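[1] Let me see the structure of the following:
(one chain, ligands or ions: 1)
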Amino acid sequence: MDVLVSVDIEGITGVVHADMMGPDQREYDRGRKLMTNDANAAIEGLVEAGADYILVIDGHGPMRNLIFEDMHPAAHLMTGSANVRPHCQLEGANTRTFEAAVFIGYHAMAKTYRAIHPHTIAGAAVHELRINGIPHGETGVNAAVLGSMGIPVVMVTGDTTTCAEARYFLGQGIETVAVKEAVGRNSAICRPPSATLPEITAAAKQALENREAVSPYLPEYPLTFEVDFLNMLQCERAAQVAGVERVTPVTMRIEGEDPWEQYRVLWAALRMALHEPASFLR
Ligand SMILES: [Zn+2]
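    From the prediction side, this is the model:
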């Protein structure tokens with residue numbers, strides 16, 4: 001049985017601050033170790049439930065955070081620069097027929113109260129992302145794209161707010177593990193790995209065993225993606241990408257019949273929006 005595991009860092013056990021989230025930060029080594037541990041705990045539970053091929057997608061920032069040499073032996077790790085991964089946090093989801101997906105260390109959508117680093121895909125550019133007019137975070141967006149491929153998201157871990165967002169979009173039937181309770185953007189009441197890791201393993205096992213009870217997330221088709229940018233220049237750059245329509249000075253729209261392709265266009269547009277041009281092009 002093939003299972004997908006997408007891993008972000010903001011919702012990982014004990015991670016509350018940017019100092020653990022990026023390669024230039026002083027506590028990054030601790031952050032990526034904690035991230036690897038949460039991912040491994042989930043993989044162990046999936047193996048116990050019968051998974052025998054597990055694709056783990058490193059889906060944060062540089063996309064090379066998980067410590068490869070410490071990974072669970074059942075893992076196959078998708079790692080490498082976001083720049084050359086057209087589907088980014090879901091890269092590789094189309095390489096096999098996956099029975100289910102699990103999101104580890106996810107975070108709440110942009111503009112959420114009491115959540116660790118809430119944002120949607122690119123905090124430096126995205127003010128709000130909507131599918132069919134409804135604000136979605138990465139949990140909902142990624143679940144909708146996987147849903148279009150028949151893959152249900154059966155488990156999400158993160159802070160309490162992220163878990164509530166996941167159940168709101170994906171239903172009460174999914175497993176969630178709240179590893180911390182955020183009190184603000186950079187602070188949370190955390191439980192240690194000795195408490196959360198066994199819980200993540202048990203929840204992953206349960207989630208995969210009960211996967212039939214969870215339906216793929218399917219908003220009404222065709223999907224319309226819209227992004228409000230923080231500023232006009234970002235939107236102008238994004239609108240240069242084929243498949244993107246600019247509908248207000250700061251809003252782009254992506255329509256289409258195939259969410260997997262729309263997701264590729266979305267990432268291409270966000271990459272373009274964030275791209276700082278060479279001096280002679282400014
Ligand atoms: Zn992240």
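
[2] ok and the residue in the chain nearest the ion?
    Closest to the ion within the chain is His60: 3.6 Å, counting by C-beta to the ion. The C-beta positions use only the backbone N, C-alpha and C, and glycine is treated the same way.

[3] Please report how far that residue lies from Gly256.
    Separation of His60 from Gly256 (C-beta to C-beta, to the nearest Å): 27 Å.

[4] higher neighbour count, these two?
    His60 (25 against 16; other C-beta atoms under 10 Å).

[5] coming back round to it: leaving aside the residues adjacent along the chain, what's closest to the residue of the chain closest to the ion?
    Ile9 (4.3 Å; C-beta to C-beta, 6 or more residues apart in numbering).

[6] just Asn40 next, same as before
    Asn40's closest residue in space is His72 (C-beta to C-beta, 6+ apart), at 4.4 Å.

[7] And for that neighbour, the neighbour number?
    18.

[8] Check what pLDDT Asn83 gets.
    For Asn83, the model assigns a pLDDT of 79.

[9] What segments of the protein are helices?
    28-48, 138-148, 160-170, 193-209, 232-238, 259-274 (DSSP state H).

[10] What residues does this structure have near the ion?
    8, 60 (C-beta under 5 Å from the ion).

[11] and if we set it to 6 Å?
    Residues of the chain lying close to the ion (C-beta under 6 Å from the ion) are 8-10, 60-61.

[12] Pick out the most distant pair among the residues you listed.
    Glu10 and Gly61 (9.9 Å; C-beta to C-beta).

[13] Show me whatever sits in contact with both of those two.
    Common neighbours of Glu10 and Gly61, using C-beta atoms under 8 Å, 6 or more residues apart in numbering, are Met21.

[14] Those two: which is more packed in?
    Glu10 (28 against 15).

[15] Now that one. Nearest residue, chain neighbours left out?
    Closest to Glu10 by C-beta to C-beta, 6+ apart is His107, at 3.7 Å.

[16] So that neighbour sits against Asp159, correct?
    Yes - using C-beta atoms under 8 Å, His107 is in contact with Asp159, at 7.3 Å.

[17] okay, the two: which has more neighbours?
    Higher neighbour count among His107 and Asp159: Asp159, with 32 against 29, using other C-beta under 10 Å.

[18] burial of the nearest residue to the more buried one once chain neighbours are set aside, as a residue count?
    Using C-beta to C-beta, 6+ apart and skipping the chain neighbours, the partner closest in space to Asp159 is Ala182 (4.4 Å). Residues lying near Ala182 (other C-beta under 10 Å) number 28.
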